[in-house]
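Visitor: dropping the sequence and predicted coords here.
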Number of protein chains: 2
Amino acid sequence: MSKEIPYKIYLEESEMPKAWYNLRADMKKKPAPLLNPGTHQPMTAEELSVVFCDELVKQELDNDTRFYEIPEEIRNFYKMYRPAPLVRAYCLEKKLGTPAHIYYKFEGNNTSGSHKLNSAIAQAYYAKKQGLKGVTTETGAGQWGTALSMACSYFDLDCKVFMVKVSYEQKPFRREVMRTYGASVTPSPSETTEVGKKILAEHPGTTGSLGCAISEAVEVAVGTPGYRYVLGSVLNQVLLHQSVIGLETKAALDKYGIKADVVIGCAGGGSNLGGLIAPFMGEKLRGEADYQIIAVEPASCPSLTRGVYAYDFCDTGMVCPLSKMYTLGSDFIPAPNHAGGLRYHGMSTILSELYDQGLMEARSVKQTDVFEAAEQFARVEGILPAPESSHAIRVAIDEALKCKETGEAKNIVFGLTGTGYFDMVAYEKFHDGKMDDYIPTDEELAKFRARLPKVD
Amino acid sequence: MSKEIPYKIYLEESEMPKAWYNLRADMKKKPAPLLNPGTHQPMTAEELSVVFCDELVKQELDNDTRFYEIPEEIRNFYKMYRPAPLVRAYCLEKKLGTPAHIYYKFEGNNTSGSHKLNSAIAQAYYAKKQGLKGVTTETGAGQWGTALSMACSYFDLDCKVFMVKVSYEQKPFRREVMRTYGASVTPSPSETTEVGKKILAEHPGTTGSLGCAISEAVEVAVGTPGYRYVLGSVLNQVLLHQSVIGLETKAALDKYGIKADVVIGCAGGGSNLGGLIAPFMGEKLRGEADYQIIAVEPASCPSLTRGVYAYDFCDTGMVCPLSKMYTLGSDFIPAPNHAGGLRYHGMSTILSELYDQGLMEARSVKQTDVFEAAEQFARVEGILPAPESSHAIRVAIDEALKCKETGEAKNIVFGLTGTGYFDMVAYEKFHDGKMDDYIPTDEELAKFRARLPKVD
């Protein structure tokens, strides 16, 4: 007999994961290594440790260790905003009239407004433990920069954030939250770095991109004693930390005897998706269970659905290692009308490899369809979702409506990565009918693809 | 032996309160009745039901029933964002180096960003049950308007919000959240009401006030068939609904065998404070236990600490009943520099009476001191607090620092009513050193006091 399922399943603190799960350990074909952009040889730990903390380099390169114990200091910080609830969307189900059971893991219950804090606190912890003075990073929509500011404030580390200029200007409140946590925030591209000056000289008046901001942050980290660079997505280490999302989700489902049928997550660089699906994909890789796993990306930045699987630069300035991934080309920038995050040109190399092996699906969705789903969700479930998260909502609703047609009572689980409080300009455009659905043409994509680096 | 206290105490859904507690039932001297502004006779249920729903009129006038069962539909809605966690502020305690144990009840985990939703959903429910088409209200800082929009969206009621003009212009994102939930939002004073036209004629270019917006909302409710007016604070019914805050807090403390010594809440109209302290004050009134209870108000709008206890109008247009309360005068408007809510000229009549009987204390705090406490709290506890809530944080920190001097390990409990995501303009002023601490002079207060209505 199954227990009655509450609206929100909260684990006890004692039931929270004590270790992160490294999905790579269960992959037969491992994700491709990072390559030195000059020699095209795999990056060594020594080379990487100029950019990243030592412990994080170890995690980045480790394809074998299945579990990493979460240090107590990090677990204590997690306790301030975790466990995150797994919510049964009773009201949405009723509104849709679907026999499906919909669950969402809500990661927005913290001031960064998203799941980004899960990795930010880990990266700040290892930086502090190594005796560093501070870290540098980039931020686009602002969730990652906010999360890192909070984490650095907690461990008393200096935090230098390069914020994509268009966001810096359009989202002054995001900037102000970071200042509240003591971070310095510089609009990118800036005159404070060589790569910034170069980009500004070549593209005067540019409003910036994630790729540019990464180049600037890396330059400052490498050139400033006692500093390292940290990144909020794409990297293997980030997916490792974010596995806490999936582990909690799985534990909550198991506690109530629920078997997920479909697992859905939005995908930009892959931090949320990789974390959410980790234990489910692990069972799938070990042949213990099967799940339908769906990555959802914006039609305006469709790296999985319309990109190519190839080595590419992680940044615009081409100072970072090469990563094998589904990519649109490192100088691809989504249309300015595109709201929110999920703007990165590439995708986590782990997820790229899993997708290439056919272990998960990908769908791209149009922006106005996403905001329609967001508003529908908000009105019945109460939570105002971030545009990023709403990509997953869109597909969860689509799947639930399919169940309505077929009569199947599937268990649909999706990741609600964050809240949309700082995205009201986008909601306003949607309400005023001023949001457009620009999708890159095949010709445009081919142009960027032609500039991919040649790697044998 | 006491159990180890987790960072966050979550009650189970089954432990959530099933009834609201009516504090008035335990008051020997009852709060003074509302008076008809024309006759100065107590308002009858019939008179009040022109403005409010029938069930809410009953609750407003009922000084005797100790518990009101919470209807199942409301309890189901509560389950979407409640129980709210009672958080042990381990990190803040450590930072302060205090032997005190600090707990806060966090009510910001919902899209309205505050505790206001607790009463909004109740008022919307009773409106729907009475077969009404919609409700009208006013909002200042925007928390209440947002909460009511959410509640009305859930019950498919029309929602007309009059938003104080200065907030409407300075907080477009608040307005946009309300639109997301389907509400119509009108800047007040407006040309859409007689009282609005009159106020605009007398004070051209006025940026509005809560008192003006109340007058407009009441006029529309009374003049539109199928509509009633709802209010987010001050009223007895609101304090009844908000008792859910205190009941959950008390249940969580009891579960871990913790006896509160000091209970602290911010006070504007009294909705949060009255709800938080209800069960504690109840024990105090019944002689079962003693607690130090502290109301915290802004020095710029000091109704308890510098007002008078007298009958006054609830609104600027003087269309509402007279209420006996600590008041600064119904045309008092705090300095425009004052950030956030807590701008109301009066105070809940229940709390006014308790304060007058010496059953609780009141303190006023200066704005920059409040923001200092807010930032200090954010940096260690992670949550970005609303300016309103930060008044309580200020005094909780002050009390904890006193314990540091005396060595007492007091249990300090305060209400963290909401988040500050929509208040970043105020944080920016604080960071830039542009926040001032204007406090009204005795002469100014005397001027407003001289205009109080004469009631025998």
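Guide: Received the coordinates, thanks.
Visitor: neighbours of A:Gln41, just the number please.
Guide: 10 (other C-beta atoms under 10 Å in any protein chain shown). To be clear about C-beta, it is placed using only N, CA and C from the backbone, and glycine gets the same treatment.
Visitor: let me know the pLDDT of it.
Guide: Per-residue confidence (pLDDT) for A:Gln41: 96.
Visitor: my read: A:Ser389 touches A:Cys266, true?
Guide: Yes: using C-beta atoms under 8 Å, A:Ser389 is in contact with A:Cys266, at 6.1 Å.
Visitor: sticking with the residue nearest to A:Tyr438 when sequence neighbours are not counted, tell me its helix or strand.
Guide: Once flanking residues are discounted, A:Tyr438 sits nearest to A:Ala335: 4.2 Å by C-beta to C-beta, 6 or more residues apart in numbering or on different chains. Secondary structure assignment for A:Ala335, by DSSP states H and E: no helix or strand.
Visitor: local confidence estimate at A:Ala335?
Guide: pLDDT, A:Ala335: 80.
Visitor: also the one 3 residues further on?
Guide: Listed pLDDT for A:His338 reads 74.
Visitor: SS state for it?
Guide: Under DSSP: H, G, I helix; E, B strand; the rest coil, the three-state class of A:His338 is coil.
Visitor: what about it, neighbour count?
Guide: 21.
Visitor: so it is in contact with A:Glu297, correct?
Guide: No: if you go by C-beta under 8 Å, A:His338 and A:Glu297 don't touch, sitting 11.3 Å apart.
Visitor: tell me the contacts of the closest residue to chain B within the stretch 351-456 of chain A?
Guide: Closest contact between the stretch 351-456 of chain A and chain B, by C-beta to the nearest C-beta, is at A:Met424 (3.7 Å). Residues near A:Met424 by C-beta atoms under 8 Å, 6 or more residues apart in numbering or on different chains: B:172-173, B:176-177.
Visitor: which of these scores worst on pLDDT?
Guide: B:Pro172 (86).
Visitor: OK, contacts around A:Glu138?
Guide: A:144-145, A:161-164, A:188, A:210, A:213-214, A:216-217, A:231.
Visitor: do that again at 7 Å, thanks
Guide: By C-beta atoms under 7 Å, 6 or more residues apart in numbering or on different chains, A:Glu138 lies in contact with A:162, A:188, A:210, A:213-214, A:217.
Visitor: now, those that are in helices?
Guide: Among the contacts of A:Glu138, the ones falling in helices (DSSP state H) are A:210, A:213-214, A:217.
Visitor: out of the residues you listed, who's nearest A:Gly346?
Guide: Here the nearest of the ones in helices among the contacts of A:Glu138 to A:Gly346, counting by C-beta to C-beta, is A:Leu210; it sits at 10.1 Å.
Visitor: okay, and A:Asn63 sits in which element?
Guide: Counting by DSSP H and E, A:Asn63 is part of no helix or strand.
Visitor: where's the closest residue to chain B within the stretch 101-250 of chain A, which helix or strand?
Guide: In the stretch 101-250 of chain A, the residue that lies nearest chain B is A:Phe173 (3.7 Å; C-beta to the nearest C-beta). If you go by DSSP H and E, A:Phe173 is part of helix A:172-180.
Visitor: and for A:Pro279?
Guide: A:Pro279 belongs to helix A:271-285, assigned by DSSP H and E.
Visitor: tell me the mean pLDDT for that helix?
Guide: On average, helix A:271-285 scores 98.
Visitor: what residues of that helix count as buried?
Guide: By neighbour count with 16 or more other C-beta atoms under 10 Å in any protein chain shown, helix A:271-285 contains the buried residues A:271-282, A:284-285.
Visitor: elements contacting that helix?
Guide: strand A:19-21, helix A:236-255, strand A:262-266, strand A:292-298, helix A:349-356 (3 or more C-beta pairs under 7 Å, 6 or more residues apart in numbering or on different chains; DSSP states H and E).
Visitor: what's the closest of those to A:Tyr90?
Guide: Among these, helix A:236-255 sits nearest to A:Tyr90 (C-beta to C-beta), with 15.6 Å.
Visitor: that closest one close to chain B?
Guide: No: using C-beta under 7 Å from any C-beta of the partner chain, helix A:236-255 stays clear of chain B, with a minimum separation of 12.9 Å.
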